[in-house]
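S.K.: give me the fold of what follows.
(2 chains, ligands or ions: 2)
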Amino acid sequence: MTQTGLRLENLRILRRGRQLVALDTHVAPGAVLTVMGASGVGKSTLLAAITGTLPTGFRAEGRIILNGEDISRKAPEHRHVGILFQEELLFPHLSVGGNLAFGLPPRIRGRAARRTKIKEALDDVGLAGFAARDPATLSGGQKARVALMRMLLSEPKALLLDEAFAGLDAALRAQVRQLVFDRARARALPVLMVTHDAADAQAAGGRLIVLEPR
Amino acid sequence: MRLAPALTLVLLLGPVLAGLAGTLAPALGLFPALGGRSLSLAPAMALLDWPGLVPAARLSVTTGLAATALSLAITALIMAGWSGTRAFRWMERALSPLLSVPHAAAAFGIAFLIAPSGWISRALSPWATDWHHPPDLLIVQDPWGIAMVLGLVAKEVPFLLLMTLAALPQAMPRRSLTIAQSLGYCRVTGWLKAVFPRIYAQIRLPVYAVLAYSMSVVDVAIILGPNTPPPLAVQVVRWMGDPDLTMRFQAAAGAVLQLALVVVVLTLWRLGEGVAGRLGKSWIARGGRGRFDHALGLAGMAAATLTAGAVLLGLAGLALWSVAGFWTFPDAWPDSLTLRAWMRHAPGLRDPVLETVIIALAATLIALALTLACLQAEHRFGLSPGARSLWLLYLPLLIPQIAFLPGLQTLALIAGADMGRGVVILGHVVFVLPYVFLSLGDPFRKWDTRHATIAAALGAAPRRTFWAIRLPMLLAPVLTAAAVGFGVSVGQYLPTLLIGGGRVQTLTTEAVALASGGDRRVIGIYALAQTGVVILGFAAALLLPRLAWANRHALRAAA
Ligand SMILES: Nc1ncnc2c1ncn2[C@@H]1O[C@H](COP(=O)(O)OP(=O)(O)O)[C@@H](O)[C@H]1O
Ligand SMILES: [Mg+2]
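M.R.: Ligands and ions are numbered 1, 2, ... in the order given. Here you go, the predicted model:
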């Protein structure tokens, strides 16, 4: 039986041989799993294990299964796991459109077709006409939306949020959060959200795991 | 790419070690091509028989130590007295131009300022000195090497300042200084007691490099240093160039002695650090808040202004000479200005300029590629460079050039290799690479690797992330590192001369060859051309990112 969604099977992250995080859980498509815990317990490290970008000195054991496929040995670029950080990390040398094009798979060929996809994505989040803009000139909320669309254009199969809303003020925060959750649900993406904010957890409405320091 | 660090090590240390071996063998009498087939002490005896040996060796030690101690003291006093002030920001801006002036050009400029017929003497004559002819004084190539020390200090202070500025953020100087000041310490004393020890620990290797360099420098010594006898390194070069090939045994012995001198003095300096540290601790423990603070700060500023001014004024003087018509002694300004000298020498300038630029571009590109490959390998495979790799990087700067370049020439002679431009380029890489690496390492490692995480999450392979994201984002520091490397290559004298077997002629070798002729117009032209080439490199490094990222706010701010 193949199970859809994101399954962390006896996932253990070790730092220089000592266990930092251990987790065995499942996130169903369209559901949000919230992970909380004191700063430094290893929340970001957990997400790095899932994206396949653990820093040196760290090692992951166990399996990460995405829609029935074990991705734990795959290269990061072949895992199809999207991630959003607190900083939007838009590539500063590319225009807004260039950032989105970077996310768009090469499968979509032809300048016109790619341009149309990007335009649709921008229109979709109320940023029509922003393609040529320098990302540094956008407001916080606009950057967050570009980062979200860049990730969604790459057609991820799961979504990780590393305190993704922490940089936004309260009003904007609720708005962007809702946008992200709506999009994830519409695409039936399993979401793993790391946050410090109880309001984030509440809005997610899913299960909550609190990591304890060891 | 996993092999990049190994390849870099080979290209960096291979020539150094091979060269050392190639120097040591003839020093011990082994040089089959010249009939040296068995170990012998003859080269060493010949060296000992040279009457100039003791003064030449003494000069190497005294000028090297004086130049290093003075440069370090001036650097420390400037930092202590002025870091964070407006005057300091102004000085920071003067730093890059000063760094980009090649040693030889700076030395020529200073020579022109302080010579008996130089600008200073002209400015004071005849009203203050009553000189109507240049006085018969040995100011420039004075027997104690004072002019040479001045020339070295003028170039090494900017270098040490740059290294200090790079080390500064880690030492968190502002907080320490604030605390010291709140405890009643004056600025300079507070900085020296609270910040300097940590800074020194970080600039130790650059200081050693300055010491090794100053003890064995050749081009500056030829221009500003004493002649009879010259410092040891210069004499070794003379022997190397002697038409009598058997002089090479003696040259090799001299080169080995030079290496030994540097090793001994570096060791003594290291021991001296311990003593100075203990004295410093008791100075700190006594709790004095600083009495001559203001004077010390001013002295540092005065010394810095003097040395920087000497370089810049000297260059201005050379520029003036190159366009001077008739210019007789006590006049401070030529009768007329003319481009005649430039017209006459421009055709001859073409080849050396081309040669200089080709060698510098090639050496820089190789060094840049190796550096980027090493740094990227470090990032990809999680290699962590230890303190030892920093030492390896500094090794070519710590071993005097004169100790291993003759050996390389000897080896090539034995192998019958034609010493052309290609080998010279590889020789330059040995000296260019450390600077490129030191310049690019920090900005490359500081890059937020979450950009790579994002790119990978978007499906980009590491290669694409490197070329499409990391390199463009790091365009400014990459070009700066390239400009630094380019400048280092342009300024190389000994590697070009010795590895090129005297047949590869760059602006620097040509300029130094002109030193003895004393035609100031030609010297001015060559020194300016040499400086101009380097400055063009830096200008390009400054300008290109601004053009490329004219529309990218975040990157323009960083450039
Ligand atoms: N690149 C790294 N190299 C070494 N240690 C790291 C690195 N990143 C994080 N750590 C360490 O791993 C632990 C977990 O960090 P992290 O996952 O970032 O915590 P959190 O996101 O929960 O605040 C911390 O002790 C942190 O210091
Ligand atoms: Mg974190």
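
S.K.: what residues does chain A have near ligand 1?
M.R.: A:37, A:39-45, A:55, A:57 (Cβ under 6 Å from any ligand atom). Where C-beta positions appear, they are placed from N, C-alpha and C, glycine not excepted.

S.K.: name the nearest of these relative to residue A:140.
M.R.: residue A:44 (20.7 Å; Cβ to Cβ).

S.K.: tell me what the top helix by length along chain A is packed against?
M.R.: For chain A, the longest helix by residue count, based on DSSP state H, is helix A:170-186. Using 3 or more Cβ pairs under 8 Å, 6 or more residues apart in numbering or on different chains; DSSP states H and E, the elements in contact with helix A:170-186 are helix A:140-153, strand A:158-162, helix A:198-204.

S.K.: repeat that for 7 Å
M.R.: With contacts taken as 3 or more Cβ pairs under 7 Å, 6 or more residues apart in numbering or on different chains; DSSP states H and E, helix A:170-186 sits against helix A:140-153, helix A:198-204.

S.K.: buried set for the helix or strand following the last one?
M.R.: Past helix A:198-204, heading to the C-terminal end, the next element that is a helix or strand (DSSP states H and E) is strand A:207-211. Neighbour counts over strand A:207-211 (16 or more other Cβ atoms under 10 Å in any protein chain shown) mark A:208, A:211 as buried.

S.K.: show me which of the residues of chain A next to ligand 1 is closest to residue B:540.
M.R.: residue A:55 (35.9 Å).

S.K.: run a quick neighbour tally on the closest one.
M.R.: 11 (other Cβ atoms under 10 Å in any protein chain shown).

S.K.: surely it is in a helix?
M.R.: No: per DSSP: H, G, I helix; E, B strand; the rest coil, residue A:55 lies outside any helix segment and is coil.

S.K.: and the pLDDT at it?
M.R.: With respect to pLDDT, residue A:55 has a value of 91.

S.K.: ok, the one 4 residues further on next?
M.R.: According to the model's per-residue confidence, residue A:59 sits at a pLDDT of 94.

S.K.: also the one 5 residues further on?
M.R.: Note for residue A:64: predicted pLDDT of 97.

S.K.: check the one 10 residues further on too.
M.R.: Among the per-residue scores, residue A:74 shows a pLDDT of 95.

S.K.: can you pull out the strands in chain A?
M.R.: For chain A, the strands defined by DSSP state E occupy A:6-15, A:18-27, A:32-37, A:58-66, A:69-70, A:81-85, A:158-162, A:191-194, A:207-211.

S.K.: in TSV: the ones you listed, plus distance to residue B:377.
M.R.: Below are the strands of chain A laid out as TSV (distance: least, Cβ to Cβ, whole Å):
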stretch	distance to residue B:377
strand A:6-15	23
strand A:18-27	26
strand A:32-37	33
strand A:58-66	19
strand A:69-70	28
strand A:81-85	25
strand A:158-162	27
strand A:191-194	31
strand A:207-211	33
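
S.K.: JSON lines for those, including distance to chain B?
M.R.: Converted to JSON lines, the strands of chain A look like this (distance: least, Cβ to the nearest Cβ, whole Å):
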{"stretch": "strand A:6-15", "distance to chain B": "13"}
{"stretch": "strand A:18-27", "distance to chain B": "17"}
{"stretch": "strand A:32-37", "distance to chain B": "17"}
{"stretch": "strand A:58-66", "distance to chain B": "10"}
{"stretch": "strand A:69-70", "distance to chain B": "16"}
{"stretch": "strand A:81-85", "distance to chain B": "5"}
{"stretch": "strand A:158-162", "distance to chain B": "8"}
{"stretch": "strand A:191-194", "distance to chain B": "13"}
{"stretch": "strand A:207-211", "distance to chain B": "20"}
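
S.K.: for residue B:241, which of these is the nearest?
M.R.: strand A:58-66 (58.1 Å).

S.K.: parallel or antiparallel, which strands does that closest one pair with?
M.R.: strand A:6-15 (antiparallel), strand A:69-70 (antiparallel) (DSSP bridges).

S.K.: which one of the helices and strands packed on helix A:170-186 is the most hemmed in?
M.R.: Sort the helices and strands packed on helix A:170-186 by mean neighbour count, taking mean count of other Cβ atoms under 10 Å in any protein chain shown, and helix A:140-153 sits at the top with a mean of 23.

S.K.: related to what we said a few turns ago, and the contacts of the longest helix of chain A?
M.R.: A:30, A:32, A:125, A:140-141, A:144-145, A:148, A:152, A:159, A:165, A:168, A:191, A:200, A:203-204 (Cβ atoms under 7 Å, 6 or more residues apart in numbering or on different chains).

S.K.: of these, which pair is most distant in space?
M.R.: Going by Cβ to Cβ, the pair spanning these furthest: A:30 and A:140, at 27.0 Å.

S.K.: low-confidence ranges in the chain?
M.R.: Looking at chain A here, since you left the chain open. Low-confidence segments of chain A (pLDDT under 70): A:1-2.

S.K.: if you could check chain B rather than the one you did, that'd help
M.R.: Looking at chain B by pLDDT under 70, you get B:417-419, B:558-559.

S.K.: quick check: the residue of it nearest ligand 1.
M.R.: Ranked by Cβ to the nearest ligand atom, the top residue of chain B for proximity to ligand 1 is residue B:449, at 8.1 Å.

S.K.: burial measure for that residue, as a count.
M.R.: 14.

S.K.: kindly report the same for the one 10 residues further on.
M.R.: Here the count is done by other Cβ under 10 Å, and residue B:459 has 21 residues near it.

S.K.: show me the helices in the stretch 351-500 of chain B, by range?
M.R.: B:387-398, B:401-415, B:421-446, B:450-457, B:462-464, B:471-473, B:475-491, B:494-499 (DSSP state H, counting those that start in this stretch).
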